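Enquirer: fold the following.
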Amino acid sequence: MNVRSRITLLFVLLAIVPVVLVGFLAYYTGRQSIEQVEINHLVSTNLMKSSELTRWIEGYQQRMEELAQRPLLVQYSSTMVDFDPADPVYDLSRLALEEDHLKPRVKLMGGFTEVSVISPDKGIILASSDEMQEGKYYANQRFFAEGKTHTYTQGVFYSLPLQQTTMMVSTPINDRRELLVAVLSGRLDLRDLSTIMSAQSGLSQSEKTYLVNKSNFFVTEPYSGEGYALKKTVRTEGVQAGLSGKDGVAFYNDYRNVPVIGAYKWLPEYNMCLITEVDQSEAYAPINSMAMTMLSIVSLLALIVVAAGFFLARTITQPLARLVAGAAEIGRYGHLDRKVGTEDKDEIGELSRAFDRMAMELKMTTVSIDELELRIHERTAQLEAANRELEAFSYSVSHDLRAPLRAIDGYTRILLEDYRPLLDDEGKRICSVISEGAHKMSDLIDDLLTFSRLGRSALNPSNIDMEAMARAVFQELTTGQSLKRIDFELDSAPPAMGDPALLRQVWANLLSNSIKFSQKKKRAVIKVRGERSEIETVYSVQDNGVGFDMQYVNKLFGVFQRLHSVKDFEGNGVGLALVQRVIHRHGGRVWAEGETGKGATFYFTLPNQGVI
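Expert: The predicted structure follows:
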């Protein structure tokens, strides 16, 4: 190989190899980091979605329990069980049940497609919001058997009487002596479940979360498809692993035969597995884009170096021996401190000095890249540690903390139920205090998780009828007895643009506070108003309760900040903090005014942008 070729090759090696090597290392490190971040996100999403599923089911269980405790519903159900169907009283009771209780529950509250009252001995539907279901036989269904003694949710199953796949919630209807009168059952609307699962938790466009039952059928619609739920099967690697009772992450092709990163989680209480996936093409898009950019830069740099080396080599002659020897040492051993420059004024002298400068710049570049890579590695390690801590905390709160609380409450109930004759009054009181404390701790954990999730969950804005929402929430929070002592005034609440679930929580927290802090009044007055300006709408909830001292107004919206004793008014001190976080996320403001003994008024604003 002649001198010209050698110099040209040396230029290429010195300029390109370090860049290629650093680029490869950066690409490999970045790919590993992206994979870890995606895995952590998918696992966290599964934990969050499973918690949302549990809360969704528990919420409807609570609604069924509240409905089953209505005195009139108990009375009508008892009449239908005791009287002959040919008796006019039987028909009057059935009509009252359907029109005053069952149909309004389905129509106004949502979440159920049908609510029925079932006879406790024969398992026959006595009354239903869907009159076509009356007379159907459910004695051999598990939800009916379980619903005689406690509130129970049967996971997705195929119902022969309905001739379709469904999910049922049941609870006992007991009289004042706690004797079983009938069983109240509700068929859940699985479309709501699809909405919960399909709500994206991050910025990935291809991210999708869905449920699959033991028969490999989709239970909910995936984000990128329609007509899948309970109609199509899926047998991907992630689904098979999840249905086998495992939790984990895998790389496989999804139901579209597209490569994905998927996290799977088995839900034993519902006989379903939870799948969250993101397309590998989207996950690796940033690092692949960087690789293509680096490849273009390296290619351009290679062309420039080859051209420069070839041009300079044409002017070089035999006196290159020292320069070649020095260059060989640098290329072979990487001694970038080696100086090969000369004092010659000709082209070779200039080349030798330029070579020294290039070696020095290469050394500085290498050092800078090493420092940058070290910093990236440190930041990546910190992020991974933070994600692990967050995941561990979520798991601890969702499982480790709840398990002992359930055990404490369960064993306390066993003491009260099975050993009551052996306990004196003080022992019974202590057991009640323990049980109440366990329930309070469980509520506190739920409030903390809700407060934490509000900062991470994505908003799903839509136009909201605020007047209807406020009225519905108030009706949920009050019973027939409490309504008799409350004057509820709903003047005008203009519509707003926002996340329906979050704003519903705002109304629930504010109205429940007004009801709670005015409970000692003989006649409570609660007023809800709204007034729209050019840029925002101001909503207010006013009551004539105990009020508060304005000098402590800054403490109202802090977590665990309370202005009244727990003995006087129960609560965890998180409700107003949740209100403030939700309103701030919507771009609004929140404040309060009050006077001790004369009541309080809470205000919040929402921007008018996007409101129809």
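Enquirer: can you pull the pLDDT of Thr45?
Expert: We have a pLDDT of 89 for Thr45.
Enquirer: that one: neighbour count?
Expert: Using other Cβ atoms under 10 Å, the number of residues around Thr45 comes to 22. Where C-beta positions appear, they are placed from N, C-alpha and C, glycine not excepted.
Enquirer: tell me which element it falls in.
Expert: If you go by DSSP states H and E, Thr45 is part of helix 3-68.
Enquirer: please work out which residues outside the one helix or strand Leu95 maps to touch it.
Expert: Leu95 is part of helix 88-97 when elements are defined by DSSP H and E. Residues from elsewhere that reach helix 88-97, judged by Cβ atoms under 8 Å, 6 or more residues apart in numbering: 72-73, 75-77, 79-80, 83-85, 117, 126-127.
Enquirer: three-state assignment of Ser540?
Expert: strand (DSSP: H, G, I helix; E, B strand; the rest coil).
Enquirer: about what we covered before: any idea of the mean pLDDT for the helix holding Leu95?
Expert: pLDDT averaged over helix 88-97 gives 92.
Enquirer: going along the chain, name the strands of the stretch 501-612 of the chain.
Expert: Secondary structure of the stretch 501-612 of the chain (DSSP state E, counting those that start in this stretch): strands at 524-532, 536-543, 590-595, 599-607.
Enquirer: how about the helices in the stretch 251-400 of the chain?
Expert: Assigned by DSSP state H, counting those that start in this stretch, the stretch 251-400 of the chain shows helices spanning 280-283, 285-313, 321-333, 347-395.
Enquirer: check which helices and strands the second one sits against.
Expert: The reference is to helix 285-313. Here helix 285-313 is seen to pack against helix 3-68 when contacts are counted using 3 or more Cβ pairs under 8 Å, 6 or more residues apart in numbering; DSSP states H and E.
Enquirer: centre of the chain to the helix it packs on, how far?
Expert: Relative to its chain's centre, helix 3-68 lies at 19 Å (Cα atoms, centre = their mean, to the nearest Å).
Enquirer: give the next helix or strand downstream of that helix.
Expert: By DSSP H and E, the next helix or strand past helix 3-68 is helix 71-82.
Enquirer: thinking again about what came up before, what's the angle from the helix holding Leu95 to helix 71-82?
Expert: 140 degrees (axes from the mean of the first three to the mean of the last three Cα atoms, to 10 degrees).
Enquirer: if you rank every helix and strand of the chain by mean pLDDT, what lands last?
Expert: Among the helices and strands of the chain, helix 321-333 carries the lowest confidence by mean pLDDT, DSSP states H and E, at a mean of 66.
Enquirer: ok, now which ones touch Gln240?
Expert: With Cβ under 8 Å, 6+ apart, Gln240 has no contacts at all.
Enquirer: just for the stretch 1-150 of the chain, where's the confidence low?
Expert: Within the stretch 1-150 of the chain, the stretches falling below the threshold (pLDDT under 70) are 1-8, 11-12, 14-15, 109.
Enquirer: returning to what we had before: of the strands of the stretch 501-612 of the chain, which approaches Asp499 most closely?
Expert: strand 599-607 (10.8 Å; Cβ to Cβ).
Enquirer: what residues does that closest one touch?
Expert: Strand 599-607 is touched from outside by 496-498, 503, 506, 510, 513-514, 517-518, 535-548, 576, 579, 583, 586-594, with contacts defined as Cβ under 8 Å, 6+ apart.
Enquirer: apply 6 Å and report the result again.
Expert: 496, 498, 510, 536-545, 547-548, 583, 586-594 (Cβ atoms under 6 Å, 6 or more residues apart in numbering).
Enquirer: neighbours around the residue nearest to Val582 when sequence neighbours are not counted, how many?
Expert: In space, and not counting its chain neighbours, Val582 is closest to Leu502: 4.6 Å by Cβ to Cβ, 6 or more residues apart in numbering. Using other Cβ under 10 Å, Leu502 has 20 neighbouring residues.
Enquirer: Leu502 and Asp247, how far apart?
Expert: 29 Å (Cβ to Cβ, to the nearest Å).
Enquirer: how far away is Gly588 from Lys49?
Expert: As judged by Cβ to Cβ, Gly588 and Lys49 stand 28 Å apart.
Enquirer: what about the helices in the stretch 451-600 of the chain?
Expert: Counting by DSSP H, counting those that start in this stretch, the helices of the stretch 451-600 of the chain are 466-477, 480-483, 500-517, 575-585.
Enquirer: if we can go back for a sec, specify the angle between the helix holding Thr45 and helix 71-82 in degrees.
Expert: Using the same axes, to 10 degrees, helix 3-68 lies at 70 degrees relative to helix 71-82.
Enquirer: packing partners of helix 3-68?
Expert: On a contact count with 3 or more Cβ pairs under 6 Å, 6 or more residues apart in numbering; DSSP states H and E, helix 3-68 meets strand 164-174, strand 180-188, strand 259-267, strand 272-279, helix 285-313, helix 347-395.
Enquirer: what pairs with the second one, parallel or antiparallel?
Expert: Read that as strand 180-188. Strand 180-188 pairs in its sheet with strand 112-118 (antiparallel), strand 164-174 (antiparallel), by DSSP bridges.
Enquirer: mind checking what helix or strand follows that strand in sequence?
Expert: helix 190-198.
Enquirer: give me the mean pLDDT for that following helix.
Expert: 81.
Enquirer: how about it: buried residues?
Expert: Judged by neighbour count using 16 or more other Cβ atoms under 10 Å, the buried positions of helix 190-198 are Leu190, Leu193, Ser194, Ile196, Met197, Ser198.
Enquirer: restrict that helix to CA atoms and write it as CSV.
Expert: Output in CSV follows, covering the C-alpha atoms of helix 190-198 (Å, rounded to 0.1, in the frame of the first residue of the first chain):
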residue,chain,number,x,y,z
LEU,A,190,-69.3,-3.9,30.5
ARG,A,191,-69.0,-0.9,28.2
ASP,A,192,-68.0,1.1,31.2
LEU,A,193,-65.3,-1.4,31.9
SER,A,194,-64.0,-1.0,28.3
THR,A,195,-63.9,2.8,28.9
ILE,A,196,-61.8,2.3,32.0
MET,A,197,-59.4,-0.1,30.4
SER,A,198,-59.0,1.8,27.1
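Enquirer: next helix or strand past it?
Expert: Sequence-wise, the next helix or strand downstream of helix 190-198 (DSSP H and E) is strand 208-213.
Enquirer: what's the mean pLDDT across that next one?
Expert: pLDDT averaged over strand 208-213 gives 90.
Enquirer: check stretch 152-168 too.
Expert: On average, the pLDDT along stretch 152-168 is 77.
Enquirer: contacts only, for Ser44.
Expert: No contacts exist for Ser44 under Cβ under 6 Å, 6+ apart.
Enquirer: hmm, I was thinking of Ala283
Expert: Listed by Cβ under 6 Å, 6+ apart, the contact partners of Ala283 are Glu38, Ile261.
Enquirer: any idea how far Gln154 is from the residue lying closest to Asp189 once chain neighbours are set aside?
Expert: Leaving aside its sequence neighbours, Asp189 sits nearest to Thr113 (Cβ to Cβ, 6+ apart; 5.0 Å). Distance, Thr113 to Gln154, by Cβ to Cβ: 15 Å.
Enquirer: perfect, I'm done here.
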